[in-house]
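A.B. asks: Give the three-dimensional model of this entry:
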Amino acid sequence: MKHWLAGIFMVALITGCKKKVETIYPQIQAISESVYASGVVKSVNQYQVFPKNSGIISSLKIKEGDFVEKGQILFEIANPSAKLNIENAELNFENASIKSNQERLRDAVIAKDLAYQKLKNDSLLWRRQNALWQQQIGTKVDQEQRKLAYHNSQTAFQSAEIRVSELRRQIKFAAEQSAKNVALAKSIASDFAVRAEVSGRIYSFSKEIGEMVSIQNPVAIIGDAKVFMLELQIDEDDITRVKIGQKVLLTLDSYDKQVFEAKVNGIDPLMNEKTRTFTVKATFIVQPQVLYPNLNVEANIITAERPKVLTIPRNYLVDEQFVLDKDGQKRAVKVGLKDFQRVEILSGITAQDAIQKPAL
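C.D. replies: Next up is the predicted model:
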């Protein structure tokens, strides 16, 4: 009797310990495949401000958080010689201007006119002397002297013409050169006044009057005050699957449990050799109301979508190419798209075929 009861107990124990087999039927539903990306929010036209000259800040026109217009002065760098250079260039310009050289030009024109009058007079005298000589009046020497005087006057007039033309050229050249020197001096001086390259907001600025700035180090960050974009990092293994125009689903740490949509609008072609990633840029479809640069982003770029396909859970797939039927036998299947939870079945089973969950 005791042996019989013990047998029944062992059978019940074995039966109770046997794992229950889980079976399901494939489902028709939508599936999408995506590439994971992480990144940050950036303001449109965001850039770092670098001064064009090193030096000490002499005046501040803005503070962190201010809104600025393109071309507005942000701060000025001390440059005592700049003002003197401009004044010196302006003095040279005034001295070299055409207006300031009118007297010189007038003297040259008068000299040319006198030379012309002398040329006409000597021409007349030579013709008269030549006519007299034809009548055998006067001497050969008189005729030669009149002819020589005429030729000398002709040469003198041509020289006077050349001097006037050359003087005009020199005055024009000097005026243009001095004007360019004034513009150059002002341009150099303007480089000591650092201006905003875009209209937007000062997102970062921590310098004070009297502090040193250099051309190697940025002193501020400026970007659009209202429009933001995404800068995402994509692993080199996934970059060939990313295309411009693809949809992006993203979450922000500052917006808990909310999912936002964006669209890929740019792919930087050069890989970062240190991180082995590519930078992909995207724009919001509907932008959140409040955003700031450098907010953390996690995103999935949708690389493919199917609206109604046969799918099974990924953990029901064996060796990426088999499933277990209801009797536990392997059946080959052809798979398509995969997401984190499900996989598309292209062939091998139907929605009426029950499949088992593989044992772990």
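A.B. asks: Tell me the confidence at the residue sitting nearest the centre point of the chain?
C.D. replies: Centroid-nearest residue in the chain, with CA atoms, centre = their mean: residue 45, separated by 7.9 Å. pLDDT for residue 45: 93.
A.B. asks: ok but it is inside a helix, no?
C.D. replies: No. Remark: residue 45 does not belong to a helix; assigned using DSSP: H, G, I helix; E, B strand; the rest coil, it is coil.
A.B. asks: That one and residue 230, how far apart?
C.D. replies: Distance, residue 45 to residue 230, by CB to CB, to the nearest Å: 15 Å. Placement of C-beta: from N, CA and C, glycine included.
A.B. asks: same question, residue 90
C.D. replies: On the measure of CB to CB, residue 90 and residue 230 end up 50 Å apart.
A.B. asks: The two: which has the busier surroundings?
C.D. replies: residue 230 (25 against 16; other CB atoms under 10 Å).
A.B. asks: Okay, and the beta partners of the closest residue to that one other than its chain neighbours?
C.D. replies: Once flanking residues are discounted, residue 230 sits nearest to residue 282: 4.3 Å by CB to CB, 6 or more residues apart in numbering. Legend: beta-bridge partners of residue 282 under DSSP bridges are residue 230, residue 264.
A.B. asks: how deep is residue 282 tucked in, by neighbour count?
C.D. replies: Count around residue 282 with other CB under 10 Å applied: 25.
A.B. asks: surely it meets residue 265?
C.D. replies: Yes. At 6.2 Å, residue 282 counts as touching residue 265 under the criterion of CB atoms under 8 Å.
A.B. asks: Just give me the residues shared between the contact sets of those two.
C.D. replies: The contact sets of residue 282 and residue 265 overlap at residue 229 (CB atoms under 8 Å, 6 or more residues apart in numbering).
A.B. asks: Point me to the helix or strand that includes residue 248.
C.D. replies: strand 247-252 (DSSP states H and E).
A.B. asks: buried ones in that strand?
C.D. replies: Neighbour counts over strand 247-252 (16 or more other CB atoms under 10 Å) mark 247-248, 250-252 as buried.
A.B. asks: Starting from it, tell me which strands it pairs with and how they run.
C.D. replies: strand 255-267 (antiparallel), strand 296-313 (antiparallel).
A.B. asks: helix/strand/coil for residue 53?
C.D. replies: Residue 53 is classified as coil under three-state DSSP.
A.B. asks: and it, what does it touch?
C.D. replies: Taking CB under 8 Å, 6+ apart as the contact definition, residue 53 lies against 77, 79, 191-192, 215.
A.B. asks: If we only consider those residues, which is nearest to residue 312?
C.D. replies: Closest to residue 312 out of these is residue 215 (60.8 Å), distances taken as CB to CB.
A.B. asks: three-state assignment of that closest one?
C.D. replies: Under three-state DSSP, the three-state class of residue 215 is coil.
A.B. asks: host element of residue 128?
C.D. replies: Using DSSP H and E, the element containing residue 128 is helix 102-134.
A.B. asks: And that helix, what does it pack against?
C.D. replies: If you count contacts as 3 or more CB pairs under 8 Å, 6 or more residues apart in numbering; DSSP states H and E, helix 102-134 packs onto helix 140-190.
A.B. asks: Tell me which strands whichever helix or strand comes after the helix it packs on pairs with, and in which orientation.
C.D. replies: Reading on from helix 140-190 to the C-terminus, the next helix or strand found by DSSP H and E is strand 193-195. The pairing partners recorded for strand 193-195 under DSSP bridges are strand 73-77 (antiparallel).
A.B. asks: what residues does the partner strand touch?
C.D. replies: 49, 51, 53-62, 68, 192-196, 202, 205, 207, 213, 219-220.
A.B. asks: list the contacts for the residue nearest to residue 230?
C.D. replies: Neighbour list for residue 282: 229-230, 232, 248, 262-266, 299 [criterion: CB under 8 Å, 6+ apart].
A.B. asks: Residue 164 too?
C.D. replies: 105, 108-109, 112.
A.B. asks: possible to save those residues as a markdown table with neighbour count, distance to residue 341 and pLDDT?
C.D. replies: Shown next, in a markdown table, are these (neighbours: other CB atoms under 10 Å; distance: CB to CB, whole Å; pLDDT from 0 to 100):
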| residue | neighbour count | distance to residue 341 | pLDDT |
| --- | --- | --- | --- |
| 105 | 14 | 90 | 82 |
| 108 | 18 | 94 | 85 |
| 109 | 15 | 95 | 88 |
| 112 | 20 | 98 | 88 |
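A.B. asks: out of those, who's nearest residue 357?
C.D. replies: Of these, the one sitting nearest to residue 357 (CB to CB) turns out to be residue 105, at 103.3 Å.
A.B. asks: That closest one and residue 167 touch, don't they?
C.D. replies: Yes. If you go by CB under 8 Å, residue 105 and residue 167 touch, sitting 6.0 Å apart.
A.B. asks: List the contacts of residue 115.
C.D. replies: By CB under 8 Å, 6+ apart, the neighbours of residue 115 are 153, 156-157, 159-160.
A.B. asks: if you set the cut-off to 10 Å instead, what comes out?
C.D. replies: When contacts are counted by CB atoms under 10 Å, 6 or more residues apart in numbering, residue 115 touches 153-161, 163.
A.B. asks: pLDDT below threshold where in the stretch 51-200 of the chain?
C.D. replies: 82 (pLDDT under 70).
A.B. asks: All good on my end, thank you.
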